[in-house]
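Enquirer: no sequence for this one, just the structure:
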């Protein structure tokens, strides 16, 4: 029994220039203790998927058109606000890309850290502060007693991300959603934060959904990966299988575009063209216009995510048919 | 070694930090760039890497004379830009152009592509007015934009296309060198590859020199001939791109290379990582001696007292570490 099962999630944005289907029929599940990577470029719907689960889509213009997301027996998309409040920040926590804009600049770190505890657990302020201190030590912030009295602007980017992780994990959640938590950080600091997430995950045994555009980060951190393009999942597989034998042409192209894997001096492999306009109907495979293997049928035949082996699924009809 | 096109000699760019509203007094100095010497040959691509706050963007702006250096000289084709008059600097801009990181902020939203590209030609009077439209069209083709988009505004383009417009604008005056400050950091991987190919092609075909600033070492390795690694306002290692990234000598470069995640699960999970503790120190109050010593696993007492100079570390290669041979 998976911890979270998302089925046919569809989220769109109704704007004056049309209806943008940001997430268009996404299904996946996450087991307890598992790390799932969601990879995709800007606009692929990876963040909107997770925002939909957390109830963070502004409505309007956003609208969750359909689907379900069952977390331990409760459908996150249809539950009452009270039920959702009981889960969010308690059993499901989220960390964001930019720790400066997601921390409250007017509140001391201490007050922000203990807020989830005061809301979700019956603790006194004193106990909560004690646990906040432990939480900061656990993410590698020394001298926690003094540092707690500081404001977010007095911390560096990496330290703020540590504070955010401490805050997210203070209620010992079963699922952590991390939305590009290291994209805004320098590589040496990114290495620290990834190591910290790995370590805290081992200690707490929580599941992690890690959203990123960086295949390198996924390679080291995730058990399973799903690749998104134009609001759909185009391929999903265990990490090793996905890197060793990517099936979908988009995944292959993405892997081939990484500069580090290519011979120096040669022209970099690049995917020509741009992702499709999500306000237009896409009857066939959304990647067809940029795909070097596309045939006339690709743009009109629906591309369905189907299993190729027990745990490897992709949405390319031609690969399924054994043509490429 | 050909005559350098661009030469920096002991360039320092410091910013005073002032306190007080009316009676301001200086309370310190941010040593953003603190003694950088560097040469760029015609047609050469020099990569400049380092983490945020290491001074690489300040150095780019100092080269462009957007920020005057506190001391030191910037020479372009033998002419001293730092002591030149405003008119001389303006004339030199014809040969020295810049591409910025964020193509959403660096293009004027009220100018069409045509106006954006024609403006530098008009200002510098590089051709008769009636030739401008054909020059604009050929520039657009050169950077991979269809000339029929000439009347469109920046908001009608994607990030990658905007970066192409910014590159075309930099090329409008047929410069000999371009300083590109993180030109692909804001772009997705697939678009990033398109822009890198474009820049590499331009350098090859037009014998254009490029100072390429980035924090992504794999990108820098791919495009650069030589690489300089900066830490806290100084160059700590310098040499051929492949040498630096495959066999880094300075402990900081080693840590930087080690921190890049490898997009291969087998290698990524088995390799030894160097995870640096702490953040880079503040350039307002740099540690004494080698600026890297508080985070360095190999630091000794000697590292804490004197700033290590750049020393030869192999052919065409220099590193600023006193323990080079030992570690």
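Expert: Alright, I've got the coordinates. Everything numeric in this text was worked out from a predicted model, so none of it was measured.

Enquirer: can we go C-alpha only for contacts and neighbour counts from here?
Expert: Fine.

Enquirer: where does residue B:37 land in three-state SS?
Expert: Secondary structure assignment for residue B:37 (DSSP: H, G, I helix; E, B strand; the rest coil): strand.

Enquirer: I'd like the distance between the residue minimising distance to the centre of chain B and chain A.
Expert: For chain B, residue B:213 is the residue whose C-alpha lies nearest the centre (C-alpha atoms, centre = their mean; 2.9 Å). From residue B:213 across to chain A, the span is 14 Å (C-alpha to the nearest C-alpha, to the nearest Å).

Enquirer: Now do that residue against residue B:229, distance only.
Expert: 10 Å (C-alpha to C-alpha, to the nearest Å).

Enquirer: any common contacting residues for those two?
Expert: B:48, B:49 (C-alpha atoms under 8 Å, 6 or more residues apart in numbering or on different chains).

Enquirer: Would you mind confirming that residue A:246 is in contact with residue A:253?
Expert: No: contact criterion C-alpha atoms under 8 Å: residue A:246 and residue A:253 do not qualify, at 9.4 Å.

Enquirer: Between those two, which has more neighbouring residues?
Expert: Remark: of residue A:246 and residue A:253, residue A:246 carries more neighbours, 21 against 17, as counted by other C-alpha atoms under 10 Å in any protein chain shown.

Enquirer: any chance you could read off phi and psi for the more buried one?
Expert: With angles defined as degrees, to the nearest 10, residue A:246 sits at phi -70, psi 140.

Enquirer: Mind telling me what element the closest residue to it other than its chain neighbours is part of?
Expert: Of all residues not flanking residue A:246 in the chain, residue A:252 sits nearest, at 5.7 Å (C-alpha to C-alpha, 6 or more residues apart in numbering or on different chains). Assigned by DSSP states H and E, residue A:252 falls within helix A:249-256.

Enquirer: Residues contacting that helix, please?
Expert: In contact with helix A:249-256 (C-alpha under 8 Å, 6+ apart) are residues A:215, A:227, A:234-235, A:246, A:262, A:269-271, A:287, A:291, A:293, A:316, B:189-190.

Enquirer: number of nearby residues for whatever residue of the stretch 201-324 of chain A ends up closest to chain B?
Expert: Proximity of the stretch 201-324 of chain A to chain B (C-alpha to the nearest C-alpha) peaks at residue A:216, 3.7 Å away. Other residues lying near residue A:216 total 19 when counted by other C-alpha under 10 Å.

Enquirer: Also the one 3 residues further on?
Expert: Other residues near residue A:219 number 25, with proximity taken as other C-alpha under 10 Å.

Enquirer: Contact partners for it?
Expert: Residue A:219 neighbours (C-alpha under 8 Å, 6+ apart): A:239, A:240, A:243, B:261, B:262, B:263, B:264, B:265, B:268, B:269.

Enquirer: how many other residues sit next to residue 17?
Expert: The chain I'm using is chain A. With other C-alpha under 10 Å as criterion, residue A:17 counts 7.

Enquirer: ah, I was thinking of chain B
Expert: Neighbour tally, residue B:17, other C-alpha under 10 Å: 13.

Enquirer: Identify the residues contacting the closest residue to chain A within the stretch 151-300 of chain B.
Expert: Closest approach between the stretch 151-300 of chain B and chain A, counting by C-alpha to the nearest C-alpha: residue B:263, at 3.7 Å. With contact taken as C-alpha under 8 Å, 6+ apart, residue B:263 is in contact with A:215, A:216, A:217, A:218, A:219, A:220, A:243.

Enquirer: Start from the N-terminal end of the stretch 151-300 of chain A and give the helices.
Expert: Ranges of helices within the stretch 151-300 of chain A are A:157-169, A:187-204, A:215-221, A:239-244, A:249-256, based on DSSP state H, counting those that start in this stretch.

Enquirer: Mind putting those into TSV with mean pLDDT?
Expert: Formatted as TSV, these follow (pLDDT from 0 to 100):
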stretch	mean pLDDT
helix A:157-169	85
helix A:187-204	85
helix A:215-221	89
helix A:239-244	92
helix A:249-256	90
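
Enquirer: Would you reformat the ones you listed as JSON lines and include distance to residue B:284?
Expert: JSON lines is the format used below for the helices of the stretch 151-300 of chain A (distance: least, C-alpha to C-alpha, whole Å):
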{"stretch": "helix A:157-169", "distance to residue B:284": "17"}
{"stretch": "helix A:187-204", "distance to residue B:284": "20"}
{"stretch": "helix A:215-221", "distance to residue B:284": "32"}
{"stretch": "helix A:239-244", "distance to residue B:284": "43"}
{"stretch": "helix A:249-256", "distance to residue B:284": "41"}
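
Enquirer: show me the contacts for residue B:16.
Expert: Contacts of residue B:16 (C-alpha under 8 Å, 6+ apart): B:26, B:27, B:28, B:29, B:30.

Enquirer: Could you list everything it pairs with in the sheet?
Expert: Counting by DSSP bridges, residue B:16 is bridged to residue B:29.

Enquirer: Look up how far residue B:283 lies from it.
Expert: Distance, residue B:16 to residue B:283, by C-alpha to C-alpha: 12 Å.

Enquirer: returning to what we had before: give me the neighbour count for the residue nearest to residue A:246.
Expert: 14.

Enquirer: what do you get for residue B:6?
Expert: So residue B:6, with other C-alpha under 10 Å, has 22 neighbours.

Enquirer: Contact partners for it?
Expert: B:39, B:40, B:41, B:74, B:75, B:76, B:77, B:78.

Enquirer: Output these in TSV, with distance to chain A, neighbour count and pLDDT appended to each entry.
Expert: Shown next, in TSV, are these (distance: C-alpha to the nearest C-alpha, whole Å; neighbours: other C-alpha atoms under 10 Å in any protein chain shown; pLDDT from 0 to 100):
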residue	distance to chain A	neighbour count	pLDDT
B:39	21	17	93
B:40	19	21	95
B:41	18	19	94
B:74	29	26	93
B:75	29	18	92
B:76	27	22	92
B:77	27	17	88
B:78	30	12	85
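
Enquirer: Next to chain B, which bits of chain A? Give me the list.
Expert: A:41-42, A:156, A:158, A:186-192, A:213, A:215-220, A:239-240, A:243, A:254, A:257-260, A:263-265, A:267-272 (C-alpha under 8 Å from any C-alpha of the partner chain).

Enquirer: Show me just the buried residues among those residues.
Expert: For the residues of chain A next to chain B, a burial check counting by 16 or more other C-alpha atoms under 10 Å in any protein chain shown picks out A:41-42, A:158, A:186-192, A:213, A:215-220, A:239-240, A:243, A:254, A:257-260, A:264, A:267-271.
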